[in-house]
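In: Sequence first, predicted model second:
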Amino acid sequence: MALKSKEWFFKKCLSEIKDYGRFSHLAWSVLMKGIGQTDGTRGHVTQAVGVSQEFLDDFPQYIPLIQGADPTKPFDVAAHHQLQADLVAWVAGKNGNFGRASYGYNYQTFKRNTTATLGGTRQGGGGADDEFKRVLRLMAEFI
């Protein structure tokens with residue numbers, strides 16, 4: 001799968017909302033964070049869009065598991081130990097920019113904004129963990 005932009009992802013979210021789809025609530029919350037900048041998380045959503053695509057491309061076996069989760073809630077990565085272990089190990093081996101330069105995807109930024117639960121280095125609050133879990137749940141449906 002070719003890596004897609006955050007604009008592609010936002011368009012998929014808008015379609016879900018317009019059609020009153022089963023992911024409309026989750027899609028709306030991601031749009032509010034990614035475009036509306038609630039909680040100052042625009043960049044968090046951008047990185048989540050890129051990283052979730054790359055992770056699911058490398059680990060497609062997790063797509064059905066994620067698709068089976070509640071469509072109204074962020075995907076609970078920590079509740080799925082093998083997925084979490086694979087994600088943490090995978091993120092550890094990634095560095096620098098990826099995708100088209102205009103996409104703005106960067107593994108270091110993702111790591112800096114997420115906690116160890118997702119393979120990141122952030123101490124204290126959850127940073128971008130919630131945004132990643134929301135985007136991952138939607139991305140499993142959109143790709």
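Out: That came through fine. Numbering: from 1, shown residues only.
In: Which parts of the chain are helices?
Out: Applying DSSP state H to the chain gives helices spanning 6-18, 24-34, 42-58, 63-67, 81-92, 107-113, 129-142.
In: Quick one, which of those helices gets closest to residue 99.
Out: helix 42-58 (5.9 Å; Cβ to Cβ). Bear in mind the C-beta positions are built from the backbone N, C-alpha and C, glycine included.
In: on that earlier part again, make TSV out of the helices of the chain and add distance to residue 73, mean neighbour count and mean pLDDT.
Out: Shown next, in TSV, are those (distance: least, Cβ to Cβ, whole Å; neighbours: other Cβ atoms under 10 Å; pLDDT from 0 to 100):
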stretch	distance to residue 73	mean neighbour count	mean pLDDT
helix 6-18	15	17	97
helix 24-34	7	20	96
helix 42-58	15	22	95
helix 63-67	12	14	99
helix 81-92	16	15	98
helix 107-113	21	20	97
helix 129-142	7	23	98
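In: Turn those into TSV, columns for distance to residue 121.
Out: Below are the helices of the chain laid out as TSV (distance: least, Cβ to Cβ, whole Å):
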stretch	distance to residue 121
helix 6-18	23
helix 24-34	21
helix 42-58	13
helix 63-67	24
helix 81-92	10
helix 107-113	5
helix 129-142	12
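In: Residue 123: which of the ones you listed is closest?
Out: Comparing those by Cβ to Cβ, helix 107-113 comes nearest, at 10.7 Å.
In: for that closest one, packing partners?
Out: Here helix 107-113 touches helix 42-58, helix 81-92, going by 3 or more Cβ pairs under 8 Å, 6 or more residues apart in numbering; DSSP states H and E.
In: Give me the distance from the first one to the chain's centre.
Out: Averaged C-alpha coordinates place helix 42-58 at 5 Å from its chain's average position (Cα atoms, centre = their mean, to the nearest Å).
In: between it and helix 81-92, how many degrees?
Out: 110 degrees (axes from the mean of the first three to the mean of the last three Cα atoms, to 10 degrees).
In: So which other helices or strands are in contact with helix 42-58?
Out: Identification of packing neighbours for helix 42-58 by 3+ Cβ pairs under 8 Å, 6+ apart yields helix 6-18, helix 24-34, helix 81-92, strand 105-106, helix 107-113, helix 129-142.
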